[in-house]
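# can you look at this prediction? I've put the sequence above it.
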Amino acid sequence: MAGMIKSITDPKLHLDILTPAEIKRLHEASLEIIETVGVRFPSHRALEIWQSFGAQVDFKTMVVKANATLIETALQKAPPAYSLAARRPEEDCLMDGNHVYLGTDGCGVEILDIHTGQRRTTCLQDVADIVRVADAVPEIGFHWIAVSAQDKPVETRGLHEILTAWENSTKHVQTESIYHDREARAAIEMAAIVAGGKDKLRHRPVLSLMQCTAPPLGHDGGSLDAALLAAEHGIPTGFMTMASCLTTGPATMAGTLVVGNAEVISATALLQLAFPGAPVFYAAAQTASDLRTGAYTGGGPEDFLFGAATNALADYYHIPLSMGSFATGAKEPNWQAGVENSLSTFMASVVMSDMLLGAGLLHGSRIWSFAQMLMDCEIFSMIHKVMQGIRVDEESLALQAIANVGPGGNFLSQKHTKAHMRDLFLPQYMDRRPYNEWEAKKDNAPDWALEKARKILSTHRPDPLDQGITRELKRIIAGLEK
C-alpha cells in the first residue's frame, strides 16, 4: 500500500517573480496576439465552436482570431479548485493553489535498464515497473505515464499505459498520450468503470489529460478533439506550452511567455466556451534553445524563471498549474542533474505551482532512470523542508531544555530533544559518512537509489485493481484494436 502523499502546504517562503503590472501586461499582450495574429485550431469541431461564439474563423488556414472580451469571459468560467481523484480517496490531490504535488513525467522513449544499466527502448513492462516504484514512494503524489509502451499498437498505446497505471497504483493517473477522439472515448469509458460510473467520474475524476500545444501559436487537431471530449465528461484537462526561446518563441523571455500564454489561454477558453465550468489547468515547460545547436535544453536559468513566471500567470487566471520542473538535460544522474532539478523545483515550489512534473527523466525527458527518480524525490523532500521555514513559538524556543542543560552540557538526553529529533531532515542519498568509509567503498547516491528501486520492485505489492474491472478495460482496448 502506498504511503500518504507528501505535499508542500502553507509555506513560509514566498517569491514575486513578476509585479502585478507586468503580469497584466503579459496578459494584455497575449490577448492582442490572439485577436490580431490568431492561433491555429486544426479541428473542425473547435472551429465551429469558435464561430458560434462570434470569433473570426478562417476554415482554410484554421486560424482563429478572438477578441479580448470573449477570451476573458470564457476564462472566468473555469473552476479555481477541484481534486484529482485517486483510487484511494486519501491520496486525492487537491488543486486549490495551496498544495504542491510531485509527479513523474512523460513520455520518455528510452530507459536505463534497472538490472543492466544499459540504455534501451521502453515497453509496457517499464510503465508497470515505474508506476509500482512510484506507488511506494510517498513523495510522488500522482502519475504521469513516464515512458512510452512502444511494444503496443500506436492507436491504443495510451490506453494500455493508463490501464497498467491503474493496475499498479492507487494514485491519480494523468496522461499526455491520448491524441485523438477515438482513443479519448475509450479512455473516458475506462475511467468511468474505474470510478464506478460516468456520474461518479464527474465528481471523482480518476484520470486527467494533458495535451501539448504546437508552438508557435498552434494546436494539434486530435489533441483538441480529445480535450473537448474530456471536458464534456468532467475530466480535468490542461494544455502545455513548450515554447522555446530562439526557435518556437522569441529570443526574449517575455516574448516567449506571450507566445506560450496565448496558446494555453486560447485552448482553455475554447473548453470553457464549449463546457462552462469544466475543470482545466495551465501547463508549461518553456525553456531556451541551445545557442550552439538549437536543441531543447531541459535546464538552465531560463527554465527556473519560466517556472515561477508561469505560475504567476496561472494564478492571474485562477486555475491550477502543472509545471515541468525536473527532467534535467543531463545524460546521467550527476552534478548537472542535481543543480538543474534542485533550482527548477525550488523556483516552482516557492511560487506554489500545483503540479510538478519530471521526476526520473534525463536528457530533457527522453531517458528514464530509476536512480534519478528516487534522488529527485529526495530533492523534493529537501525543498519540502525548506519551504516550512523556521517555527518560532514557546515549544520551539526550547527555553526549559536550554536551562536544564546549561553551559557546557549537551542536549542528547533531554525529553525535548527526543520529542523533536525527527523534525530534522534525514537524507537517504546525501553522503554524510566519514571520509575513510567513503574511500573504502567508493559507492555513491545513484548506487544507493538504484538498489532501493530494485528492492521496491521485488517487495512492493500495490492494492490490486478488481479483476472484473481489469477484464472490462481490456475488452474496451481490444474492441478499439479490432
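Sure, I can see it.

# what sits up against the helix or strand encompassing Gly338?
Using DSSP states H and E, Gly338 sits in helix 335-350. Helix 335-350 has contacts (Cβ atoms under 8 Å, 6 or more residues apart in numbering) with 8, 11, 13-15, 17, 100, 298-301, 303-305, 307-308, 311, 323-326, 328-330, 356, 358, 362, 372, 375-376, 379-380, 382-384, 386-387. The C-beta positions use only the backbone N, C-alpha and C, and glycine is treated the same way.

# how about a cut-off of 6 Å?
Contacts to helix 335-350, defined as Cβ atoms under 6 Å, 6 or more residues apart in numbering, come from residues 8, 13, 15, 100, 299, 303-304, 307-308, 323, 325-326, 328, 330, 356, 376, 379, 383.

# now Arg120, which residues is it bridged with?
Here Arg120 sits in beta bridges with Ile111, going by DSSP bridges.

# mind checking pLDDT for it?
What the model reports as pLDDT for Arg120 is 98.

# what is the burial count for it?
Neighbours of Arg120 under the rule other Cβ atoms under 10 Å: 12.

# list the buried residues for stretch 433-449?
Using 16 or more other Cβ atoms under 10 Å as the test for burial, stretch 433-449 gives Ala445, Pro446, Trp448, Ala449.

# got it, and stretch 350-360?
Neighbour-count burial for stretch 350-360 flags Val350, Val351, Met352, Ser353, Asp354, Met355, Leu356, Leu357, Gly358, Ala359, Gly360 (criterion: 16+ other Cβ under 10 Å).

# what's the span of that stretch from first residue to last?
Distance across stretch 350-360, first residue to last, is 21 Å (Cα to Cα, to the nearest Å).

# now which of the contacts of helix 335-350 would you call buried?
For the contacts of helix 335-350, buried by 16+ other Cβ under 10 Å: 8, 100, 299, 303-304, 307-308, 323, 325-326, 328, 330, 356, 376, 379, 383.

# ok, so of those residues, who is nearest Leu457?
Asp376 (17.5 Å; Cβ to Cβ).

# hang on, that closest one packs against Phe326?
Yes - look at Asp376 against Phe326 with Cβ atoms under 6 Å: they come within range, at 5.2 Å.

# which residues do these two both contact?
Here Asp376 and Phe326 have Asn341, Ala359 as joint contacts, going by Cβ under 6 Å, 6+ apart.

# report the secondary structure state of Met375.
Under DSSP: H, G, I helix; E, B strand; the rest coil, Met375 falls in the helix class.

# and it, how far from Phe281?
Distance of Met375 to Phe281, given as Cβ to Cβ, to the nearest Å: 27 Å.

# and Gly38, by the same measure?
Distance from Gly38 to Phe281, by Cβ to Cβ: 24 Å.

# those two: which is more packed in?
Taking other Cβ under 10 Å, Gly38 and Phe281 do not tie; Phe281 has more neighbours (25 against 22).

# could you find the closest non-adjacent residue to that one?
Gly238 (3.9 Å; Cβ to Cβ, 6 or more residues apart in numbering).

# for the protein, what are the low-confidence residue spans?
In the predicted model, the chain carries pLDDT under 70 at residues 1-5.

# mind checking the SS state of the most centrally placed residue in it?
In the chain, the residue lying closest to the centroid (Cα atoms, centre = their mean) is Leu357, at 3.1 Å. Of the three states, Leu357 takes strand according to three-state DSSP.

# for the remainder of this discussion, apply numbering that starts at 521.
Understood, numbering begins at 521; the last thing we discussed is Leu877.

# need the contact list for the closest residue to it other than its chain neighbours.
Spatial nearest neighbour of Leu877, chain neighbours left out: Asp625 (4.6 Å); criterion: Cβ to Cβ, 6+ apart. The contact partners of Asp625, by Cβ under 6 Å, 6+ apart, come to Trp664, Ala847, Leu877, Gly878, Leu881, Ser885.

# quick check: phi and psi at Asp625.
As for Asp625, its main-chain torsions (degrees, to the nearest 10) stand at phi -130, psi 170.

# how near is it to Glu592?
Using Cβ to Cβ, one obtains 32 Å as the distance from Asp625 to Glu592.

# grab the nearest non-local neighbour of Phe759.
Among residues not flanking Phe759 along the chain, Ala787 sits closest, at 4.3 Å (Cβ to Cβ, 6+ apart).

# count the residues that sit near Lys544.
12.

# assign a three-state SS to it, would you?
helix.

# now name the helix or strand holding the residue nearest to it when sequence neighbours are not counted.
Of all residues not flanking Lys544 in the chain, Tyr836 sits nearest, at 7.8 Å (Cβ to Cβ, 6+ apart). Per DSSP H and E: Tyr836 is located in helix 821-837.

# elements contacting that helix?
strand 841-844, helix 855-870 (3 or more Cβ pairs under 6 Å, 6 or more residues apart in numbering; DSSP states H and E).

# mind redoing it with 7 Å?
Helices and strands touching helix 821-837, by 3 or more Cβ pairs under 7 Å, 6 or more residues apart in numbering; DSSP states H and E, are helix 540-556, helix 773-794, strand 800-804, strand 807-808, strand 841-844, helix 855-870.

# ok, now how distant is the residue nearest to Ser728 when sequence neighbours are not counted from Phe945?
Leaving aside its chain neighbours, Ser728 sits nearest to Pro756 (4.0 Å; criterion: Cβ to Cβ, 6+ apart). Distance, Pro756 to Phe945, by Cβ to Cβ: 33 Å.

# which one of these two is surrounded by more residues?
Each of Pro756 and Phe945 has its neighbours counted (other Cβ under 10 Å); Pro756 has more, 25 against 12.

# and that one, how far is that from Pro673?
27 Å.

# residues near the nearest residue to Pro947 once chain neighbours are set aside, how many?
Ranked by Cβ to Cβ, 6+ apart and with sequence neighbours excluded, the top spatial neighbour of Pro947 is Glu898, at 6.2 Å. Applying other Cβ under 10 Å, we find 18 residues neighbouring Glu898.

# host element of Ser603?
Going by DSSP H and E, Ser603 is in strand 602-604.

# which strands or helices does the following helix or strand past that strand pack on?
Elements were assigned by DSSP H and E; along the chain past strand 602-604, the next helix or strand is strand 613-615. Applying 3+ Cβ pairs under 7 Å, 6+ apart, one finds that strand 613-615 contacts strand 602-604.

# and for the strand it packs on, what's in contact with it?
For strand 602-604, the external contacting residues (Cβ atoms under 7 Å, 6 or more residues apart in numbering) are Asp612, Cys613, Leu614, Met615, Phe662, His692, Pro725, Ser728, Pro756, Pro799.
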